Structure formats: C-alpha cells, structure tokens
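Asks: this is a predicted model, with the sequence first.
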Amino acid sequence: MALTKEKKAELTKAFGKDEKDTGNTDVQVALLTDRINYLTEHVKGNPKDHHTRYGLLKLVGRRRSLLNYLSRTDIGRYRELIKKLNIRK
C-alpha cells in the first residue's frame, strides 16, 4: 500500500491543525492527492489494469467534490491548497 502510517501522520500534521485532525477538508484532499499520485504512476506502468483505473477515477471524483465544497465555503483556503498540492483547477 502506498500510504503508510508515517506518511499519513506527516500529511495530517502539515495540512491540519494538529496530528489528529484527519477530518479537516485540507487533510482529506492531501491524503487523496497522495493516493492519486501513487495510482497514476501504477496505471502508467500497467495500462491493462482497468480495476485500478476505475478506483483512481473514483478517488479523483471524491477529491473534486471536496475541492468544490472548499471553494464554495472558503475560496482563499481553496486557492492556497491547490497551490501547495500542485493541482490543476
């Protein structure tokens, strides 16, 4: 699995208020982005792995929903987050 406990704790501490703030929208988007990046590399190397591609598309949709919510509620945090994570709008 791509996301270890240490990596999750690191992302939670970087994007949340503290290391236990996993419900924060910024933290959820950061965790999804990390998984999306890992699966994107996997799919590039394994083009016939359609099950992983389907899961990747579901993760992208979930991240998009969270980003839409964040843009509606706090546009400043949204812009800062997509800049930090290097996400295209």
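Replies: It's in.

Asks: state the mean pLDDT of whichever helix or strand K83 is part of.
Replies: In this assignment (DSSP states H and E), K83 forms part of helix 75-85. Confidence for helix 75-85, expressed as mean pLDDT, is 95.

Asks: which strands and helices sit next to it?
Replies: The elements that helix 75-85 packs onto, with contact taken as 3 or more C-beta pairs under 8 Å, 6 or more residues apart in numbering; DSSP states H and E, are helix 25-45, helix 50-73. Where you see a C-beta, it was placed from the backbone N, CA and C, and this is true even at glycine.

Asks: now render the ones you listed as TSV, adding distance to L81 and mean neighbour count.
Replies: Shown next, in TSV, are the helices and strands packed on helix 75-85 (distance: least, C-beta to C-beta, whole Å; neighbours: other C-beta atoms under 10 Å):
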stretch	distance to L81	mean neighbour count
helix 25-45	5	17
helix 50-73	7	14
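
Asks: out of those helices, flag the one nearest F15.
Replies: helix 25-45 (4.4 Å; C-beta to C-beta).
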